[in-house]
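K.L.:
Structure here, sequence nowhere to be found:
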């Protein structure tokens, strides 16, 4: 499946299933839901309190990635 199609599928699923509207990443606030790309697909995380990192839960516990890795956000 092409990368852009996979991204749109994730974005559409979160928007439809949870009724949240996407927000441009520059307008995302602490605590907002964020979609970011990983080596094997996409993951969801929360914009951290510092406003510069995304915190997510992985197999070995919590981890952070820079907000620059994010591709979409939703207001919570």
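P.N.:
Great, that's in hand. Remember, predicted model here, so these are calculated numbers, not experimental data.
K.L.:
which helices and strands sit right next to the lowest-mean-pLDDT helix or strand in the chain?
P.N.:
Among the helices and strands of the chain, helix 3-18 carries the lowest confidence by mean pLDDT, DSSP states H and E, at a mean of 81. Here helix 3-18 touches strand 33-38, strand 41-47, strand 70-74, going by 3 or more CB pairs under 8 Å, 6 or more residues apart in numbering; DSSP states H and E. (C-beta placed from N, C-alpha, C; glycine too.)
K.L.:
what does that helix rub up against?
P.N.:
Contacts with helix 3-18, where a contact means CB atoms under 8 Å, 6 or more residues apart in numbering, come from 20, 21, 22, 33, 35, 37, 41, 42, 44, 71, 72, 74.
K.L.:
how about the nearest residue to the last one, chain neighbours excluded?
P.N.:
Leaving out its chain neighbours, the residue that sits closest to residue 74 by CB to CB, 6 or more residues apart in numbering is residue 20, at 4.0 Å.
K.L.:
got the contact list for the one you found?
P.N.:
14, 33, 74, 75, 76.
K.L.:
what about the fourth one, how many neighbours?
P.N.:
Other residues near residue 75 come to 13 when the count uses other CB atoms under 10 Å.
K.L.:
Then the first one?
P.N.:
The criterion is other CB under 10 Å. On that basis, residue 14 has 17 neighbouring residues.
K.L.:
Quickly note the distance from it to residue 39.
P.N.:
For residue 14, the distance to residue 39 equals 20 Å [CB to CB, to the nearest Å].
K.L.:
what about the protein, any weak spots by pLDDT?
P.N.:
In the predicted model of the chain, residues 1 satisfy pLDDT under 70.
K.L.:
who does the residue nearest to the spatial centre of it bridge with?
P.N.:
Centroid check for the chain by CA atoms, centre = their mean gives residue 35 as the closest residue, at 1.7 Å. Under DSSP bridges, the beta-bridge partners of residue 35 are residue 44, residue 72.
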